[in-house]
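Undergrad: What shape does this take:
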Amino acid sequence: MSIAEMRREPTAETLRAGTFDMKLEVVVIPVSDVDRAKRFYGDLGWRLDIDYTAGDDYRVIQFTPPGSGCSVIFGKNVTTAAPGSAKGLHLIVSDIQAACDELLRRGVGISEPFHDASGIFHHAGAKDLISGPNPQRKSYASYASFSDPDGNGWVVQEVTARLTGHIEADDTSFTPELTNWVRRA
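TA: Numbering: from 1, shown residues only. Sure, this is the predicted structure:
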C-alpha cells in the first residue's frame, strides 16, 4: 500500500463532530533541573506516575494533578523547548480561594485571585485585570497564577458550572459577556 493510499480522504462519517473521542492526555513542559522540578510538582500534591531513565541521556517524569485526566511530562532530552517557555497552562478548580490557600500552605508563590473586567477570559495585560475573584463568583471568571521554578506559567481558574454550548435564558452561572458570546456562536 502506498503512502497516498494510506492518506485517503476521510469519509463524511469521520468528519462529523462526535464520531470519535480525542482526549488531551499529556502536556510536555520544559525544565532545566529535572530533580528540582520533580520536587516542586511532588510538593503540589500531584501523583508521580513515571520516573523512567534510559542511560545518562534520557529521563522522563510524569505527574498527574488530583482529579485530572491529563498529565504533565518533563525530563532530560524530552523536549527542545526552552525551560520555562510553557505559559498559560490551566488548572481548573471549584473554589479559587481554597485552591490558593492550599497552594500557599504547600509553599507555592501564587498570586491573589483576580478577574477580568471583560468577563470572557483573562487578558495578558494587567489593565483589564481586577484584584479579587469575580464578585458574583461566576463560572470561568476567577483566576490566580503561579510559576514553577523554571518559570513555566500556570493559571488556576474557578469553574463551578460547565459550558455545554448552550446557555438557558435564566442561567446566571456565567458572566453576561460569556453568555452573549456563547449564544452568538
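Undergrad: can we go C-alpha only for contacts and neighbour counts from here?
TA: OK.
Undergrad: Which positions in stretch 27-46 come out as buried?
TA: For stretch 27-46, burial by neighbour count (16 or more other CA atoms under 10 Å) applies to V28, I29, P30, V31, V34, A37, K38, F40, Y41, L44, W46.
Undergrad: again, but for stretch 51-71
TA: For stretch 51-71, a neighbour-count test (16+ other CA under 10 Å) marks R59, V60, I61, Q62, F63, T64, P65, S71 as buried.
Undergrad: Endpoints of it, how far apart?
TA: Taking CA to CA, to the nearest Å, stretch 51-71 runs 13 Å from one end to the other.
Undergrad: tell me which element F63 falls in.
TA: strand 59-64 (DSSP states H and E).
Undergrad: List of residues touching the helix or strand just after that strand?
TA: Where DSSP H and E defines the elements, the next helix or strand beyond strand 59-64 is strand 71-76. Here strand 71-76 makes contact (CA atoms under 8 Å, 6 or more residues apart in numbering) with 25-31, 34, 57-65.
Undergrad: Low-confidence stretches in the chain?
TA: Where the chain drops to pLDDT under 70, the residues are 1-18, 119-126, 162-185.
Undergrad: What segments of it are helices?
TA: 3-6, 12-15, 34-43, 96-105, 176-184 (DSSP state H).
Undergrad: Specify the beta-bridge partners of the residue sitting nearest the centre point of the chain.
TA: Central residue of the chain (CA atoms, centre = their mean): H90, 2.3 Å from the mean position. Beta bridges link H90 to V155 when assigned by DSSP bridges.
Undergrad: Spit out the contact partners of it.
TA: If you count contacts by CA under 8 Å, 6+ apart, H90 has them with W154, V155, V156, Q157.
Undergrad: Show me which pair in the residues you listed is furthest apart.
TA: The span of these, defined through CA to CA, is set by W154 and Q157 at 9.6 Å.
Undergrad: who's more crowded, those two?
TA: Counted by other CA atoms under 10 Å, W154 and Q157 do not tie: Q157 has more neighbours, with 26 against 18.
Undergrad: Check the gap between the more buried one and S147 for me.
TA: Using CA to CA, one gets 14 Å for the distance from Q157 to S147.
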